[in-house]
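[1] This is a predicted model, with the sequence first.
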Amino acid sequence: MRETLTTALDLMFGHEGGYVNNPKDPGGATKYGITHRTLAAHRGVSSVSPAQVKALSKEEATEIYRRSYWVQSGGDLLPVGIDFMAFDYGVNSGPAQGVKSLQRVVGVTVDGIVGGQTVAAVKSYKGDLIAAYAAERLRFMKSLKTWATFGRGWQKRVMNVETQARKLLQGVIVVADTPVAPAKANPRDQSITETLKKPEAWASAGGLLSGLGGMASGTGPIQWALAIIMVGAFATGAYFLIKRMQDQAA
């Protein structure tokens, strides 16, 4: 909730370190957890240089957090503790991804937007929502291709966030951790295998099987040519479908 924001910002600067530009990090040049793409969007320009990212002030980073992450993650609407968890998740993986994971846990429509239905489901959740949300975040992170490289740091971050969320819920004063500058856990880095587990990835397969089944009843070069064309079209369509689904996950 809104009263959590000041503490949440302090904790965020504890989770996110200073300037980094790790070639293995999909976020690229980053400072205080703000990537070069996010900084460029905030300033209304097409791009910024690594030097401009390095010169980012803490004041501007705070404003970006307020406008582009806290509100979009439902910070003003969610209960204390969960608001911070959604905020931290949003900074690391994008607000929509953080909200979608929360919506999966509480069993409402997964659209990445915190509305009345999501808030009501969060408040009426039966069980340890903090633990369930942390577990779902870890499950998502383990599905990323970059888990092998950054998984240890991500796991530590999720554990810290869970602990801090419980302290916030109890009204305990929370002290920020030492900055660790972990890599971004980008939804676009999900493996094709994980993407194919989603039902919508197979929506077009029915048409392909139906068409091939019909062709199997006939023989000759025309039927075979049509079958080859259909398989090629399916493969092309599947490729762009997977790419679109990975982009929408962000």
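    Received the coordinates, thanks. Numbers count the residues shown, from 1 in each chain.

[2] low-confidence ranges in this structure?
    Low-confidence regions of the chain, defined by pLDDT under 70, span residues 1, 173-182, 189-250.

[3] Do a quick rundown of the strands in it.
    30-31, 34-35 (DSSP state E).

[4] right, so of those strands, which gets closest to Asp10?
    Nearest of the strands of the chain to Asp10, taken as CB to CB: strand 34-35 at 16.1 Å. Backbone N, C-alpha and C define where each C-beta goes, glycine included.

[5] re the thing from before, buried deepest among the strands of the chain, which one?
    Stretch with highest mean neighbour count among the strands of the chain: strand 30-31 (a mean of 26; mean count of other CB atoms under 10 Å).

[6] I'd like to know which elements that one is packed against.
    helix 50-54 (3 or more CB pairs under 8 Å, 6 or more residues apart in numbering; DSSP states H and E).

[7] swap the cut-off to 10 Å and go again
    Contacts defined by 3 or more CB pairs under 10 Å, 6 or more residues apart in numbering; DSSP states H and E place strand 30-31 against helix 36-43, helix 50-54, helix 58-64.

[8] Can you redo the strands of the chain as a markdown table, where the extra columns are distance to Thr6?
    Shown next, in a markdown table, are these (distance: least, CB to CB, whole Å):
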| stretch | distance to Thr6 |
| --- | --- |
| strand 30-31 | 21 |
| strand 34-35 | 19 |
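
[9] Would you mind measuring from Val48 to Leu102?
    According to CB to CB, to the nearest Å, Val48 and Leu102 sit 31 Å apart.

[10] Looking at those two, which is more packed in?
    Leu102 (29 against 20; other CB atoms under 10 Å).

[11] quick one: the more buried one and Ile113 touch, right?
    No. With contacts counted by CB atoms under 10 Å, Leu102 stays clear of Ile113, the gap being 11.1 Å.

[12] what is in contact with those two at once?
    Residues touching both Leu102 and Ile113 (CB atoms under 10 Å, 6 or more residues apart in numbering): Gly74.

[13] Domain-wise, how is this structure divided?
    2-185, 194-249 (automatic domain parsing).

[14] any idea which of the ones you listed is most buried?
    domain 2-185 (a mean of 18).

[15] Now Asn22. Its backbone dihedrals?
    phi -80, psi 120 (degrees, to the nearest 10).

[16] just checking, it touches Phe150?
    Yes. The pair Asn22 / Phe150 is scored as a contact, 9.0 Å apart, by CB under 10 Å.

[17] which residues touch Gly75?
    By CB under 10 Å, 6+ apart, the contact set of Gly75 is 1-2, 4-5, 8, 65-66, 69, 82-84, 86-87, 90, 95, 114.

[18] Between which two of those is the distance greatest?
    Between any two of those (CB to CB), the greatest distance is 18.3 Å, for Arg66 and Ile82.
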